[in-house]
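Colleague: just need the structure, nothing else, for what follows:
(chains A and B)
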2 protein chains.
Amino acid sequence: MRYPLYLSRLMEALKALPGVGSKTADRYVFEMLHWPSKQLQQLAQAIDALPTMVQFCSICGCLNDDNQCLYCNAQYRDSSTLCVVASVKEVFAIEATGEYRGFYHVLGGLLSPLEGKGPEQLRIASLKERLATVEEAIIALDSTVEGDATSLFLKQQLERQGVKVSRLAFGLPLGSPLDYVDGGTLSRAMQGRRAF
Amino acid sequence: MRYPLYLSRLMEALKALPGVGSKTADRYVFEMLHWPSKQLQQLAQAIDALPTMVQFCSICGCLNDDNQCLYCNAQYRDSSTLCVVASVKEVFAIEATGEYRGFYHVLGGLLSPLEGKGPEQLRIASLKERLATVEEAIIALDSTVEGDATSLFLKQQLERQGVKVSRLAFGLPLGSPLDYVDGGTLSRAMQGRRAF
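Modeller: A predicted model of the protein is given here:
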């Protein structure tokens, strides 16, 4: 398909977004053609401003807002627990539950030898430094091969420092019929059953 | 979930894209956080340039490229057929098939009384003016209620001018099992059967 150059350039740029292929990029661009120019400008400015606006907290690795960490500086947060996550987006997912009020530590990824990510590439040294004032470290990583490996590695490292280490529970996701749940999850749910 | 302002602004802007809700917008933004600033700039510039770059051909309503219509000015195209489509994106879809080498006419929408779109809002007057040199008008509109109504309306209008009017065939989409095809499509496929 031969699109005018300015359209195909925009399509190519949009295709770098996750899950966006040619069809979706086409759809986005043809929708944008109907947008008023002010709306297009707003989107362009928001994207353009991203690199200058985004700043990470030097302590926990979360996103700063107005040069202040959203969590490290909050007075009402519980400093005795530390939740270890892989990236910034998990912080927002956990915050949305309203279930946790402690501090965070963003690792910046998971151990993945195939991608050349070893312990040195993650923020593990600074995590260890923070453990002195912490009673419990909650490991909140993906339940994937990389997540499991990283969790196990962290458990060994942190327990040496005498910190209580816990990990998010495995079990049935809410609202799912039992026969749709895979065997691995079901067996972990059985192992982790609790008094009712 | 409380995001920093610059992130939520970008998320809101992205949510105007078709099929993009909060979850997808979040995903796009957190992916963009990892992009190099040059890539972000390129995307922002491509979006920002859209209103100034996009120009429509005054004759057929297709997109211009370099101030020239991609189709009206092409010497090798067959001027005796005119394909009537609702919007610019259908032109590219038809071009991609390589099956059609005539001219186009973009209506700019479909008749839709509920949305206040009557014949006056569509480019029907200019369509009629172009019919003098045309032998066949191919109506290539959606097979929806609005598409059917617009097709029927156009058929009546164009046949009065002595032009042969045809419409895209209805039938089985390629690669689909017969029992997955809905009854309406199947009955149109039966009516439209051809010598084999």
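
Colleague: in chain A, which helix is the longest?
Modeller: helix A:37-53 (DSSP state H).

Colleague: which strands or helices does the next helix-or-strand element following that helix pack on?
Modeller: Scanning forward in sequence from helix A:37-53 by DSSP states H and E, the next helix or strand is strand A:64-65. The criterion is 3 or more Cβ pairs under 8 Å, 6 or more residues apart in numbering or on different chains; DSSP states H and E, and there are no helices or strands that strand A:64-65 contacts. To be clear about C-beta, it is placed using only N, CA and C from the backbone, and glycine gets the same treatment.

Colleague: so where do the strands sit in chain A?
Modeller: A:64-65, A:68-69, A:78-85, A:102-106, A:136-139, A:164-167 (DSSP state E).

Colleague: any stretches of chain A with poor pLDDT?
Modeller: Chain A contains residues with pLDDT under 70 at A:1.

Colleague: residue ranges for the helices of it, please.
Modeller: With DSSP H as the criterion, chain A has helices at A:5-14, A:22-32, A:37-53, A:88-97, A:124-130, A:145-159, A:183-191.

Colleague: by contact count, what packs against the longest helix of chain A?
Modeller: So helix A:37-53, by 3+ Cβ pairs under 8 Å, 6+ apart, packs with helix B:5-14, helix B:37-53.

Colleague: what's the most buried one of the strands of chain A?
Modeller: Most buried of those by mean neighbour count (mean count of other Cβ atoms under 10 Å in any protein chain shown) is strand A:102-106; its value is a mean of 23.

Colleague: can you list the strands that it pairs with?
Modeller: Strand A:102-106 sits in its sheet next to strand A:78-85 (parallel), going by DSSP bridges.

Colleague: domain map for chain A?
Modeller: Domain segmentation of chain A under automatic domain parsing yields A:5-53, A:75-167.

Colleague: just put those domains in TSV and tack on distance to B:P113.
Modeller: Shown next, in TSV, are those (distance: least, Cβ to Cβ, whole Å):
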stretch	distance to B:P113
domain A:5-53	20
domain A:75-167	43
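
Colleague: let's have the strands of chain A in TSV, adding distance to A:L33.
Modeller: Listed next are the strands of chain A as TSV, based on distance: least, Cβ to Cβ, whole Å:
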stretch	distance to A:L33
strand A:64-65	34
strand A:68-69	40
strand A:78-85	39
strand A:102-106	39
strand A:136-139	47
strand A:164-167	49
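
Colleague: contact partners for the nearest residue to A:Q45 once chain neighbours are set aside?
Modeller: Nearest residue to A:Q45 in three dimensions, chain neighbours excluded: B:A44, at 7.2 Å (Cβ to Cβ, 6 or more residues apart in numbering or on different chains). Going by Cβ atoms under 8 Å, 6 or more residues apart in numbering or on different chains, B:A44 touches A:44-45, A:47-48.
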